[in-house]
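Provided below for reference: sequence and predicted model.
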Amino acid sequence: MNTFLLEIVTPEHLVYSKQVNSLTVKGADGDLGILPGHIPLVTPLQVAPMFVKADGVTTIIAVHGGFVEVHKDKVTVLAESAELPKDIDVERAEAAKERAQRRLQSRSKQDDIDHRRAELALQRAVTRIKVSTGKGQQ
């Protein structure tokens, strides 16, 4: 057994479903590599690129939070949102990045909730840009 089924699911739809050789995600405690036969676990995910290796090809997917659930022969990623490189609008992501950076720089008396929302928006935009250009770090 040198593959496992990977399914990436968002509240809207099934983003990805394929037999894969490995998966690398950024969990709550850092990077996590998953190979066939991995021990079962559930862990939260950070906003970061996810690296999927199947048939010798690595695909980078933008994942914006959620959880990864690992079973013996199947891994399910339950994401708030997830995007394949072909589905990312780079211009929109660049604009969102600039807006978030401006909001963070002009933090005079903003409350912490607005600041956290701007940080998350920035992380999502940067992740989209990295994934769309194939420059996600592994």
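Yep, that arrived.

ranges for the strands of this structure?
4-9, 14-20, 22-27, 30-34, 41-54, 57-70, 74-79, 82-83 (DSSP state E).

For the first one, C-alpha coordinates in PDB please.
Translated: strand 4-9. Provided in PDB are the C-alpha atoms of strand 4-9 (Å, rounded to 0.1, in the frame of the first residue of the first chain):
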ATOM      1  CA  PHE A   4      -4.100   6.700   0.500                       C
ATOM      2  CA  LEU A   5      -7.300   8.500  -0.400                       C
ATOM      3  CA  LEU A   6      -7.100  12.200   0.200                       C
ATOM      4  CA  GLU A   7     -10.300  14.200   0.300                       C
ATOM      5  CA  ILE A   8     -10.400  18.000   0.800                       C
ATOM      6  CA  VAL A   9     -13.900  19.200   1.700                       C
END
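
Now do it and strand 74-79, the angle between them.
Per axes from the mean of the first three to the mean of the last three Cα atoms, to 10 degrees, the angle that strand 4-9 makes with strand 74-79 is 20 degrees.

Which positions in strand 4-9 come out as buried?
Within strand 4-9, the residues scored as buried using 16 or more other Cβ atoms under 10 Å are 4, 6, 8-9. All C-beta spots, glycine's among them, are computed from the backbone N, C-alpha and C.

Of the residues you listed, just say which sits nearest to E94.
The shortest gap between E94 and any of those belongs to I8, at 24.2 Å (Cβ to Cβ).
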